[in-house]
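Undergrad: task: produce atomic coordinates for the following.
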Amino acid sequence: MALHLDEALLRGVSRAIPRLPDALAARLFGRPPVSPEGDVLDPALYRLIASAKRVGVSDATTLPLEQARVGFEKSLRLTDGVPRRGLDVREFTLTETPAPLRVRMYRPHLRVSPSPAVVFFHGGGFVLGSLDSHNDLCRILADRARAVVLSVDYRLAPEHPFPTATVDAIAAFTALRGRAAALDLDPGRIAVVGDSAGGNLAAVTANALRGDGGPCCQWLIYPATDFTRAMPSHTHFADALILPKRSIDRFLYDYAPDPATHRDPAASPLFADDLRGVCPAIVQTAGFDPLRDEGDAYARKLAEHGVAVTHRCERTLLHGFTHLGAVIPAAREALHWGVAQLRERLHG
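TA: Numbering: from 1, shown residues only. Next up, the predicted model:
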């Protein structure tokens, strides 16, 4: 077996627990939490997270760095349920960038030529994550958006603190667009997409590369946009089941330890003075996420500056829902909604 026994057992738990009858689940785990706005966390999602904690799935950010990275990768495999067929996948290295960067390319079998494309930046607090951690999500994007996905392995903190990830992201997008003809991509239909920290990098890239030569659109999935953490959701969800305050503390300490950088628009795009001319945006946030308010605020600010914005808050979900579609129906619907918005912009 490719999985260790404990991981196989945990995967089984992750699939069985959300399907428990409501009465039994309430006795085992209690009632799902309620947000200050009165929304109830999706019951199946609550059961999944509560049961994972009971059987020993710990918060990876409490572990030493290398263990945290391994734990993060392992936790995202627990709900793996994506078909492995229908895509050609290969890797190559960008050498036009300040440091060599690996890229994993997912090319659907059924496509147009030249193809629309997505440059993707993974989440993980700028400290965790890799091409492998978001492999399933990239497969879903390529399949359902009918686009080539180019996942970028940008450099991580603390080895490479701010602004390294932003430099890598902007350089990677520019280099990949420059290779459009060689990769059979339509240079006018290349989107930028990212979740969490990757959403931050997608936003910063879109801001830096406006107009010709930049992305045609951006999809920001529960993005980090304000490193000052002044928004109320950081207080409301300080003890969030996913991404509690202690995790964000660690990520910021590793990535941007100097508070003087926290209002730099290259770190916190919410502090950009002028967003005019930025490409159209899809902004998707989660109701039980500490990052909710800053993502919502960024969507409003984009709209105020004349950017075409489609914004939806998934009020019963929490941070990381894009990885849970295999076992949580509400998470699957939310992910498919976002992909449909992206597909419309790439093919419309």
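Undergrad: alpha carbons only for contacts and neighbour counts from here, please
TA: Noted.
Undergrad: buried sites along stretch 227-244?
TA: Residues of stretch 227-244 classed as buried: F227, R229, S233, H234, F237, A238, A240, L241, I242, L243, P244 (neighbour count, 16 or more other Cα atoms under 10 Å).
Undergrad: from those, which land in strands?
TA: Assignment to strands by DSSP state E places none of the buried residues of stretch 227-244 there.
Undergrad: make a markdown table from the residues you listed and add distance to A326 and pLDDT to it.
TA: Formatted as a markdown table, those follow (distance: Cα to Cα, whole Å; pLDDT from 0 to 100):
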| residue | distance to A326 | pLDDT |
| --- | --- | --- |
| F227 | 31 | 98 |
| R229 | 31 | 97 |
| S233 | 27 | 98 |
| H234 | 28 | 98 |
| F237 | 25 | 97 |
| A238 | 27 | 96 |
| A240 | 22 | 90 |
| L241 | 19 | 85 |
| I242 | 18 | 90 |
| L243 | 21 | 93 |
| P244 | 24 | 93 |
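Undergrad: between those, which is nearest L176?
TA: When the buried residues of stretch 227-244 are compared for distance to L176 (Cα to Cα), F227 wins out at 28.3 Å.
Undergrad: got phi/psi on that closest one?
TA: phi -70, psi -10 (degrees, to the nearest 10).
Undergrad: next: the one 10 residues further on.
TA: With angles defined as degrees, to the nearest 10, F237 shows backbone torsions of phi -120, psi 40.
Undergrad: residues touching it, list them.
TA: F237 is in contact with P244, K245, F288, D289, P290, counting by Cα atoms under 8 Å, 6 or more residues apart in numbering.
Undergrad: let's see it at 7 Å
TA: Neighbour list for F237: P244, F288, D289, P290 [criterion: Cα atoms under 7 Å, 6 or more residues apart in numbering].
Undergrad: buried among those? Need that as a selection in PyMOL.
TA: A single PyMOL command selects the buried members of the contacts of F237 (16+ other Cα under 10 Å):
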select buried, resi 244+288+289+290
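Undergrad: of the contacts of F237, closest to V327?
TA: Taking Cα to Cα as the measure, V327 sits nearest to F288 out of those, at 18.4 Å.
Undergrad: nearest residue to that closest one other than its sequence neighbours?
TA: L318 (4.6 Å; Cα to Cα, 6 or more residues apart in numbering).
Undergrad: now do G211
TA: In space, and not counting its chain neighbours, G211 is closest to G277: 6.8 Å by Cα to Cα, 6+ apart.
Undergrad: what segments of the stretch 1-150 of the chain are helices?
TA: 5-16, 22-29, 43-54, 65-77, 135-145 (DSSP state H, counting those that start in this stretch).
Undergrad: ranking these by mean pLDDT, which is last?
TA: Lowest mean pLDDT within the helices of the stretch 1-150 of the chain: helix 5-16, a mean of 53.
Undergrad: for A260, the count of nearby residues, please.
TA: For A260, the count of nearby residues is 9 (other Cα atoms under 10 Å).
Undergrad: check E66 too.
TA: Neighbours around E66, by other Cα under 10 Å: 11.
Undergrad: which ones are touching the closest residue to T93 other than its chain neighbours?
TA: In space, and not counting its chain neighbours, T93 is closest to R102: 4.4 Å by Cα to Cα, 6+ apart. Counting by Cα under 7 Å, 6+ apart, R102 touches E91, F92, T93, L94, V152, D153.
Undergrad: now with 6 Å?
TA: By Cα atoms under 6 Å, 6 or more residues apart in numbering, the contact list for R102 reads F92, T93, D153.
Undergrad: equivalent analysis for L335, please.
TA: T322.
Undergrad: ok but it is inside a helix, no?
TA: Yes. Using DSSP: H, G, I helix; E, B strand; the rest coil, the secondary structure at L335 is a helix.
Undergrad: which SSE is W219 in?
TA: W219 belongs to strand 218-221 when assigned by DSSP states H and E.
Undergrad: list the strands paired with that strand, with their directions.
TA: strand 185-195 (parallel), strand 281-286 (parallel) (DSSP bridges).
Undergrad: for the residue nearest to G211, phi and psi?
TA: Dihedral angles (degrees, to the nearest 10) for G277: phi 90, psi 0.
Undergrad: that one and F173, how far apart?
TA: To F173, G277 is 18 Å away according to Cα to Cα, to the nearest Å.
Undergrad: which one's more surrounded, these two?
TA: F173 (27 against 16).
Undergrad: quick one, grab the pLDDT at the residue lying closest to the more buried one once chain neighbours are set aside.
TA: Of all residues not flanking F173 in the chain, V119 sits nearest, at 6.6 Å (Cα to Cα, 6+ apart). In the predicted model, V119 carries a pLDDT score of 98.
Undergrad: same question for L87.
TA: The score at L87 is 92. That number is its pLDDT.
Undergrad: give me the beta-bridge partners of it?
TA: P108.
Undergrad: spit out the contact partners of it.
TA: R107, P108, H109.
Undergrad: so where does the residue nearest to F288 fall, helix or strand?
TA: Using DSSP H and E, L318 sits within no helix or strand.
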